[in-house]
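In: Model the structure of this input:
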Amino acid sequence: MRPKPWILVVDDEQGILELVQDLLSPDYLVDTATNVKEAQARLQNGSYDLVLTDMVMPEIAGMELVKYVRLHHPDIPVIVFTGYANFQDAVTAVKLGAFDYLPKPIQTEILRHAIHRALEFRRLSLMQRDLEFVFQGAEALGFQALELLSDTPEAAILDRLRESAERGGELRDIAQAFLDGAYELLQATQSSIFLFDPNLNQFTGLAARGPEAEARLAATVPVTGGIMGYVVSQRRPLLVADIDLDQRFSISHRRFHYKSGSFMLIPLAGSRFWGVINLTDREDGQAFSARDLFLGWLMGRLFVEILEQRESRRELEPQPLFSPLLKEHIPLGVALVDQDFNVIQANLALERLLGQRGKGLTGRKLIPALGLSAADQELLEQAFKRFLDDQEPKELPPLKSSQGDKIRFLGIKLLPSLNPGDASQVLLLVEDMSEVEHLRQRLHLYEHLAIMGKLSLCVAHELNNPLDGIRRYLSLAQMKKDDPREVDRYLGEAIKGLHKMSLTIRSLLSSANPLKAPRATDSLLNLLQDAVKIMMFQASDQRVQVEFHPPGELRHLTVEGDLYHVFINIIKNALQAMPQGGRLEIDGAVNSQQVEIAFADTGPGLTSQELTQIFQPFYSTKEGVQGLGLGLPICRKILERYGGQLTVQSQPGHGTTVRIILPKSGLGGSFGS
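Out: Predicted structure coming up:
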């Protein structure tokens with residue numbers, strides 16, 4: 001059974017503590033603290049789900065506790081108590097990160113409602129974090145992730161949609177069929193598909209289903225700001241279980257009327273960003289689940305596959321040379337090149353862009369004229385070779401071009417030639433993206449500086465108090481140097497202050513180094529070490545001792561970056577099994593035939609029945625927060641690419657050991673000295 005939520009109540013009035021404890025004890029585990037220092041000590045030693053604190057207390061005010069929790073335990077929501085005279089303080093606390101505030105005297109129903117909302121907010125936040133791990137692994141599999149659902153009704157619906165699209169027809173009709181499929185799969189009664197127009201920088205309706213379908217179909221939505229803009233910037237599937245609890249979008253304007261506050265947005269991203277699928281209002285009135293988001297993501301992948309197939313088959317007007325309009329008046333640089341990158345024809349806009357006006361590009365190799373760095377030139381050549389093989393449109397990220405003392409950023413797209421039957425010719429579209437790229441770099445820098453500025457203010461405040469204490473205790477130790485016992489006591493207090501500073505700095509490093517994607521290829525040891533490092537903060541917060549003893553031979557084995565997602569998921573599962581602390585041992589062995597990596601935790605273990613089901617899609621031993629049930633199936637699917645295996649051994653009360661077994665024959669690298 002899932003344990004009761006664990007709540008810490010902080011107030012200097014014993015009567016209030018006893019009252020709140022009596023009100024909550026039947027349904028929650030409740031600890032109390034009479035001041036901020038005592039609360040901080042309890043937070044360091046316990047894994048709480050919620051903090052309730054008074055604003056006005058002697059010595060240190062509740063505002064300092066709000067800052068402390070926000071910095072050191074950002075996953076724990078805080079509700080503050082306040083008298084009417086301190087209303088402004090309560091508003092300030094919410095701005096600093098408190099979830100809610102309640103006036104005194106405390107009313108039972110209002111308190112219980114606020115606690116329910118805060119715990120639900122925490123559940124949804126943790127679910128979003130867990131989904132990120134799952135989708136990293138799913139994206140490493142690509143559409144092969146559909147095999148996780150083989151022989152299920154869901155897979156049959158997706159296969160039917162693909163077969164229907166392959167028979168051809170208007171794109172609007174295919175899109176409408178997908179929305180009908182979304183109703184079958186996800187009970188989404190209101191849904192729509194919007195395509196992104198990069199020229200107008202806006203979304204336009206392609207298909208819609210449900211009430212107000214015609215209005216949504218006729219709508220145009222600017223990409224700047226709003227929830228769709230958020231999806232464009234993140235390029236991640238978005239699940240909002242309750243918009244009123246989601247602080248990212250709680251004040252966002254919704255253009256149309258919906259019955260519920262739960263919705264999903266699926267980005268359509270492939271060789272380029274195509275648009276979004278919007279899914280809203282489950283028929284049963286319930287919130288969409290993590291399982292729904294995964295199925296929606298699979299549907300989005302299938303729709304992108306159809307869009308790109310249609311794009312590659314699109315027939316162009318057969319004409320051996322550019323028309324006068326394209327040659328002289330189109331401002332976008334265009335070149336037709338052969339399979340050796342020799343220019344067959346180029347328009348005037350490209351000649352001007354590359355500083356070749358009057359010199360002409362026809363008959364010359366295009367790559368030297370682009371002025372790219374060696375790395376960007378190699379990137380373009382590789383994309384060009386892939387295009388010749390598969391004839392699929394390619395869009396490259398902005399490439400840096402040096403023309404004399406002028407530096408530009410060029411956006412390059414590769415498209416089929418003007419003659420559909422000639423696969424040896426390629427059409428290049430070249431656009432000056434310098435201004436956009438400079439703005440993007442500046443925006444990234446400003447966002448980084450803004451975040452670091454906020455963190456620095458908070459960290460400086462957190463460091464100042466212990467630093468002042470350390471300085472005073474060291475001065476006292478010098479004054480009492482003839483009294484060893486006093487010196488020892490003062491030095492002990494100084495060490496405590498240093499420990500507090502260490503925790504604060506660690507939190508800053510954690511915020512400045514978020515979860516990032518691994519390199520495409522790396523050594524097996526580096527990927528395993530990166531996965532352990534990124535999960536160490538969570539392990540430390542849960543008081544889980546991690547013992548890491550990998551065999552050194554792993555550094556000589558080169559693998560794809562997708563194994564990083566396997567390590568992340570296995571370590572995450574182990575930590576989630578030990579919310580109140582424990583030990584995780586990571587070691588391995590290498591012999592002439594295979595590599596073995598073992599992850600052994602001291603969690604509650606699994607029953608024999610659970611062991612038989614853990615690799616089934618959507619089966620999970622976790623309730624509510626993290627229960628998508630796709631982590632292990634995805635891990636096993638990735639390992640199958642290497643001919644590897646994933647085994648799980650466990651007994652109730654004796655922990656769980658997960659082993660990865662990889663044949664050396666399927667790995668790159670060598671065992672040199």
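
In: Going by C-alpha atoms from here, please, whenever you check contacts or count neighbours.
Out: Noted.

In: What's the separation between Glu305 and Pro398?
Out: 24 Å (Cα to Cα, to the nearest Å).

In: now swap in Arg129 and tell me
Out: Distance from Arg129 to Pro398, by Cα to Cα: 30 Å.

In: Between these two, tell me which one has more neighbours.
Out: Pro398 (18 against 12; other Cα atoms under 10 Å).

In: my read: the more buried one touches Lys413, true?
Out: No: judged on Cα atoms under 8 Å, Pro398 makes no contact with Lys413 at a distance of 10.2 Å.

In: what about Met299, helix or strand, and which?
Out: Assessed by DSSP states H and E, Met299 sits inside helix 290-313.

In: Glu308: how many residues sit nearby?
Out: Neighbour count for Glu308, taken as other Cα under 10 Å: 17.

In: dump the residue contacts of it.
Out: 270-271, 392-393 (Cα atoms under 8 Å, 6 or more residues apart in numbering).

In: Do you know the pLDDT at it?
Out: With respect to pLDDT, Glu308 scores 85.

In: swap in Leu131?
Out: 70.

In: Pull up the gap between the closest residue to it other than its chain neighbours and Asp49, please.
Out: In space, Leu131 comes closest to Ala290 once its chain neighbours are excluded; the distance is 7.2 Å by Cα to Cα, 6 or more residues apart in numbering. For Ala290, the distance to Asp49 (Cα to Cα) stands at 21 Å.

In: Settle it for me: which of those two has more neighbours?
Out: The residue with more neighbours, out of Ala290 and Asp49, is Ala290; 24 against 19, by other Cα under 10 Å.

In: Quick check: that one touching Arg129?
Out: No: using Cα under 8 Å, Ala290 is not in contact with Arg129; the gap is 11.3 Å.

In: what's Ala93 in contact with, if anything?
Out: Counted by Cα under 8 Å, 6+ apart, Ala93 has contacts 63, 66, 80.

In: Which helix or strand contains it?
Out: helix 87-96.

In: So which elements touch the helix or strand following that helix?
Out: Next helix or strand after helix 87-96 toward the C-terminus (DSSP H and E): strand 100-103. Strand 100-103 sits against strand 78-82, helix 87-96, helix 108-141, with contacts defined as 3 or more Cα pairs under 8 Å, 6 or more residues apart in numbering; DSSP states H and E.

In: So which elements touch the shortest one?
Out: I take that to be strand 78-82. strand 50-54, helix 62-72, helix 87-96, strand 100-103, helix 108-141.

In: rank these by pLDDT, which is bottom?
Out: Looking at those, the bottom one is helix 87-96 with a mean of 70.

In: Just the angle for that helix relative to strand 50-54, thanks.
Out: In terms of direction (axes from the mean of the first three to the mean of the last three Cα atoms, to 10 degrees), helix 87-96 departs from strand 50-54 by 150 degrees.

In: and the angle for helix 87-96 with strand 78-82?
Out: With the same axes, to 10 degrees as the basis, helix 87-96 and strand 78-82 are set at 170 degrees to each other.

In: picking that back up, how far away from the center of its chain is the helix holding Ala93?
Out: Offset of helix 87-96 from its chain centre (Cα atoms, centre = their mean, to the nearest Å): 30 Å.

In: any idea where the helices of the stretch 551-673 of the chain begin and end?
Out: Applying DSSP state H, counting those that start in this stretch to the stretch 551-673 of the chain gives helices spanning 562-576, 608-613, 631-640.

In: Compare the ones you listed and give me the one nearest Asn201.
Out: helix 562-576 (33.2 Å; Cα to Cα).

In: Which elements pack onto that closest one?
Out: helix 108-141, helix 524-541, strand 594-601, helix 631-640.

In: Tell me what angle it forms with strand 594-601.
Out: 20 degrees.

In: Let me see the mean pLDDT of helix 562-576.
Out: Mean predicted confidence for helix 562-576 is 88.

In: go on, stretch 438-452?
Out: Mean predicted lDDT for stretch 438-452 stands at 66.

In: So which helix or strand of this structure has the lowest pLDDT on average?
Out: helix 324 (a mean of 54; mean pLDDT, DSSP states H and E).

In: following that helix, which helix or strand shows up next?
Out: strand 333-337.

In: Could I have the CA atoms of that following strand written out in CSV?
Out: C-alpha atoms of strand 333-337 as CSV (Å, rounded to 0.1, in the frame of the first residue of the first chain):
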residue,chain,number,x,y,z
GLY,A,333,19.1,31.9,-52.2
VAL,A,334,18.5,28.9,-54.4
ALA,A,335,20.9,26.5,-56.2
LEU,A,336,20.5,23.3,-58.2
VAL,A,337,23.5,21.1,-57.7
